[in-house]
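Chemist: Provided below are the primary sequence and the corresponding predicted coordinates.
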Amino acid sequence: MTGRSGWPDRADDRSDRADGRSGRARVRSGRADGRSDRTDGRSGRARGRSGRADGRSVNADGLFIGVDDEKIVVSPYPIKMRSGRARRNRQGSVVDVVPVAPSGRSREDRVRFSSQLSLALVVLVAVLSAVGIPWWAGVAGAVALVGFVSVEQARAARTGVLALPRGDDSFVLLAAEERVAYGRALAVARRVRLTWPALRHMIDAEQADRDLTAALRDLAAIMARRQQIRRLRDELGVASRHDLPADSPAVQALAEQRLRVEGLWRSTAEAANRILASINAAALAGEDLLREQRIGRTARDAELAISRLTAAAAAPAESGPELAERTAAVIAAYRELAADR
C-alpha cells in the first residue's frame, strides 16, 4: 500500500524535475534572446556608423570636387547633377566631377530616333512571339527600353549643372575670385600628383595623398569664409556712405565692425596663401627633382655614347698606318720580283 501510494509521489517528483528543466531551458532561451537582442543592437550601431541618416555615402578621407560654369562644389559626399550628365575621374582620394557638354540633339531628332527604335522593337517583339515567347514580355521590355533611351537622350541634351549639396561640411564657391584661386590650386594639385609615380621609392604616396586632400579641403573652407567676408565687406562699405558726424555712436560702431572685418579678411588671405604656397612648393620640388633626374640620365647616356665613340675612333687611327705599311711592303716585293725577271 505504501509502495503503491508512493508511485504518484515519485511521478510528481519527476514532473517537478521536468518542469525545472523546462524552466531552466526557458531561462537559457531568454538569455539567448538577450544575446540576440544585444547582437542586433551592435549590428544596428554598426549600420548607424556605416551610413548617415540621410543615406549618403561618405568618401572616407576624400573629397568630391565638382566644377561647372556657375560654381565649384567641394563635398565629402557624392555630388549629384541638377541637369545634364557628368564625367567622374578619381585621382587618389579626390573624385573630380565635370559636366559633359550637351549632345546638341534637338527634340525633333530625339523623337525621330525614339520612333525608329520603337519600330525596330515592334518587329523584334513579333519575331519573339512567333518563336513562342509571350508577347507581353516583349512589349514590356520594348516600352522600358524606349523610355530609358528617351530619358537618357533628354538628359544628355541639357547643359550640365551641379546640384547644391547639403550639410555644413560641404562648400560651394560662387564668387569669381574664389573660384579662380581654387581652380589654380586644383591645377597645381594635379601637377603634384603627376610627380608621385616617379617618386614612389622616395615618398609615401598614401600619406602624401591624404595631406594634399586635407589641404584642398581646408582651402575650400577658407574660400567659403572669404565669400561671406566679401559680402559683409561690401555691405559695410555701402553702409559707410552717409552724412552722419564722425562722433556718432552708430558711425563709431560701424567703423569698429569694419576694422574687425578687415582683420578677418587679412587673416583668411594669409591662411589661403600659406596653403597655396605649400601646394605650389610641393609641385615645384617634385618637378625639379624629376627634371634633375632626367638631366642626370641624359648626362650618363651622353657619357656612355662619348665613350663608345672614342673607342670606335681609336681603331681606325691605329689600323690606317698599318694598312699603308703593309701595302708599301707588298708593292716593294712585287717590284723586286719584276726586276729579277
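Modeler: Here it is on my side, so go on.
Chemist: which strand residues bridge the residue sitting nearest the centre point of the chain?
Modeler: Compute the mean C-alpha point of the chain, and by Cα atoms, centre = their mean the closest residue is Val95, 1.8 Å away. With DSSP bridges as the criterion, the beta-bridge partners of Val95 are Phe64, Arg90.
Chemist: roughly how far does Ala312 sit from Ala181?
Modeler: Ala312 sits at a distance of 57 Å from Ala181 (criterion: Cβ to Cβ, to the nearest Å). C-betas here are computed from N, CA, C, even on glycine.
Chemist: can you check Ala142 too?
Modeler: Taking Cβ to Cβ, one finds Ala142 at 52 Å from Ala181.
Chemist: the chain: strands as residue ranges?
Modeler: Shown for the chain, the strands assigned by DSSP state E span residues 63-67, 72-75, 81-83, 86-91, 94-99, 161-162, 171-173.
Chemist: mind giving me the packing neighbours of the second one?
Modeler: Counting contacts by 3 or more Cβ pairs under 8 Å, 6 or more residues apart in numbering; DSSP states H and E, the secondary-structure elements packed against strand 72-75 are strand 63-67, strand 171-173, helix 176-195, helix 205-239.
Chemist: of the ones you listed, which is nearest Val127?
Modeler: The closest approach between Val127 and any of the helices and strands packed on strand 72-75, judged by Cβ to Cβ, belongs to strand 63-67 at 45.1 Å.
Chemist: distance between the closest one and the chain's centre?
Modeler: Averaging C-alpha positions (Cα atoms, centre = their mean, to the nearest Å) puts strand 63-67 8 Å from its chain's average.
Chemist: so what does it touch, helix or strand wise?
Modeler: In terms of contacts (3+ Cβ pairs under 8 Å, 6+ apart), strand 63-67 is packed against strand 72-75, strand 94-99, helix 176-195, helix 205-239.
Chemist: same for the longest one, what does it pack against?
Modeler: Right, the one you point to is helix 205-239. Identification of packing neighbours for helix 205-239 by 3+ Cβ pairs under 8 Å, 6+ apart yields strand 63-67, strand 72-75, strand 94-99, strand 171-173, helix 176-195, helix 249-340.
Chemist: pull out the buried residues from stretch 177-197.
Modeler: Neighbour-count burial for stretch 177-197, counted by 16 or more other Cβ atoms under 10 Å, picks out Glu178, Arg179, Ala181, Tyr182, Ala185, Leu186, Val188, Ala189, Val192, Arg193, Thr195, Trp196.
Chemist: ok, the residues you listed vs Leu276, which is closest?
Modeler: Top of the list for closeness to Leu276, among the buried residues of stretch 177-197 and by Cβ to Cβ, is Ala185 at 5.8 Å.
Chemist: I'd assumed Phe64 was in contact with the residue nearest to the centre of the chain.
Modeler: Yes: Val95 lies in contact with Phe64 (Cβ atoms under 8 Å); the separation is 4.8 Å.
Chemist: name the residues contacting each of those two.
Modeler: Pro78 (Cβ atoms under 8 Å, 6 or more residues apart in numbering).
Chemist: hang on, Val73 packs against Met81?
Modeler: No: taking Cβ under 8 Å as the definition, Val73 is not a contact partner of Met81, at 10.8 Å.
Chemist: mutual contacts of the two, please.
Modeler: Residues touching both Val73 and Met81 comprise Leu162, with contact defined as Cβ under 8 Å, 6+ apart.
Chemist: and those two? Which one has more around it.
Modeler: Set side by side, Val73 and Met81 give different neighbour counts by other Cβ atoms under 10 Å, the larger being at Val73 (22 against 18).
Chemist: possible to save the buried residues of stretch 177-197 as CSV with distance to Ala302 and pLDDT?
Modeler: Compiled in CSV, these are given as follows (distance: Cβ to Cβ, whole Å; pLDDT from 0 to 100):
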residue, distance to Ala302, pLDDT
Glu178, 48, 91
Arg179, 46, 92
Ala181, 43, 93
Tyr182, 43, 94
Ala185, 38, 93
Leu186, 38, 93
Val188, 33, 93
Ala189, 35, 92
Val192, 30, 91
Arg193, 31, 91
Thr195, 24, 89
Trp196, 28, 88
